[in-house]
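A.B. asks: structure, please.
(one chain, ligands or ions: 1)
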Amino acid sequence: MTTRLPSTGAPDPAAAPSTTCRSDEVVVIHRLFRRLFAEAPSLVRGVAPDDTAHARRVAKHLHGIIALLHVHHRTEDAYFWDVMTDRAPACGLHVELMRRQHGAVSDRLDVADALVDRWAHRADARTAARIASELEEVDRLLVEHLADEERDAFPVLDAILSDAEWDDIHRHAQRHKPPMPIFVLLGLMIESVPEAEREQWLAKEMPAPVRLAYRAVGRRQYERAVERLRSHGREPRGSTGAAPAFA
Ligand SMILES: [Fe+2]
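C.D. replies: Coordinates of the predicted model:
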């Protein structure tokens, strides 16, 4: 039995109901997206004009997080909305809103993705400013959408989807090749879980061999990747100690 996590973007987390639900697992993914897209504009602004080496590094990360969000929303589109329409027809307005918000986020992501392609080889200030502005708009739309989805759709989905159906959704999501190195993605996931909940989350969600592999090699790989990404093009000075630790 699990307790519903607070809706991280909801105006009043204390008002979230307590119930058994599998959508908690998706709320964890939402936290990751909130952090990634809140940080993204500053990563672009941190690239000095003409520093094409660092621009390519940031561009690769941006392509990765954009692809990750596309896959997440396509999975939700494939598994949530038609079922919600069939089994909870009174929620039609919410379904319509979710589809519309996904579409708006997707359009903005595609604009940003195309600009990132162009910028990666030139690192010009004008394109960087446009990308940062597009990513800020993605962040704004996403924050609004995730809060609406967690408040208006997830309680309904928890009531109408069986455990077997949630398992099927997870299997489907895991079939996609991650658009970034797996340990980097895992480190970002761990970082997005509040420290007080991290141990419990890892024990529940990460198989022991994965935890061992992350401790042995993955954490260093993650630390190096984020340090280079957040170094604003400066040569990293060794480990920042900022990477999330777990026992
Ligand atoms: Fe969504």
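A.B. asks: okay, which residue is most central for this structure?
C.D. replies: Phe33 (2.5 Å; Cα atoms, centre = their mean).
A.B. asks: can you pull the contacts of Arg57?
C.D. replies: Arg228, Leu229 (Cβ atoms under 8 Å, 6 or more residues apart in numbering). To be clear about C-beta, it is placed using only N, CA and C from the backbone, and glycine gets the same treatment.
A.B. asks: so which helix or strand takes in it?
C.D. replies: Using DSSP states H and E, Arg57 falls within helix 52-79.
A.B. asks: report the buried residues of that helix.
C.D. replies: 52, 54-55, 57-59, 61-73, 75-76, 79 (16 or more other Cβ atoms under 10 Å).
A.B. asks: tell me the domain boundaries of the chain?
C.D. replies: The chain breaks down by automatic domain parsing into domains covering 19-180, 181-247.
A.B. asks: which of those domains sits most buried?
C.D. replies: Of these, the one with the most neighbours on average (mean count of other Cβ atoms under 10 Å) is domain 19-180, at a mean of 17.
A.B. asks: this protein against the ion: which residues are in contact?
C.D. replies: Residues of the chain lying close to the ion by Cβ under 5 Å from the ion are Glu76, Glu149.
A.B. asks: what does Ala123 show for phi and psi?
C.D. replies: phi 50, psi 40 (degrees, to the nearest 10).
A.B. asks: what's the offset of the lowest-mean-pLDDT helix or strand in the chain from the middle of its chain?
C.D. replies: When each helix and strand of the chain is scored by mean pLDDT, DSSP states H and E, helix 195-205 comes last, with a mean of 87. Centre-to-centre, helix 195-205 and its host chain are 18 Å apart (Cα atoms, centre = their mean, to the nearest Å).
A.B. asks: can you check stretch 208-220 too?
C.D. replies: 21 Å.
A.B. asks: ok, now stretch 74-91?
C.D. replies: Taking mean C-alpha positions (Cα atoms, centre = their mean), stretch 74-91 and its chain are 21 Å apart.
A.B. asks: need the contact partners of that stretch.
C.D. replies: Contacts for stretch 74-91 (Cβ under 8 Å, 6+ apart): 92, 94-95, 98-99, 102, 152-153, 156-157, 159-161, 165, 168-169, 172-173.
A.B. asks: let's see it at 10 Å
C.D. replies: The contact list for stretch 74-91 (Cβ atoms under 10 Å, 6 or more residues apart in numbering) reads 23, 26, 29, 92, 94-99, 102-103, 106, 149, 152-157, 159-161, 165-166, 168-170, 172-173, 175-176.
A.B. asks: before we move on, back to that, now do the contacts for the residue nearest to the residue nearest to the centre of the chain when sequence neighbours are not counted.
C.D. replies: Leaving aside its chain neighbours, Phe33 sits nearest to Leu69 (5.9 Å; criterion: Cβ to Cβ, 6 or more residues apart in numbering). Contact analysis of Leu69 by Cβ under 10 Å, 6+ apart lists Ile29, Leu32, Phe33, Leu36, Phe37, His102, Val105, Ser106, Leu109, Val138, Leu142, Pro179.
A.B. asks: could you tell me the least trusted of the domains of the chain?
C.D. replies: Ranked by mean pLDDT, the domains of the chain bottom out at domain 181-247, with a mean of 81.
A.B. asks: and the helix or strand hosting Ser106 with helix 52-79, angle?
C.D. replies: Assigned by DSSP H and E, Ser106 belongs to helix 92-120. Going by axes from the mean of the first three to the mean of the last three Cα atoms, to 10 degrees, helix 92-120 is angled at 160 degrees with respect to helix 52-79.
A.B. asks: which other helices and strands contact helix 92-120?
C.D. replies: Other elements packing on helix 92-120 under the criterion 3 or more Cβ pairs under 10 Å, 6 or more residues apart in numbering; DSSP states H and E are helix 24-45, helix 52-79, helix 81-87, helix 125-148.
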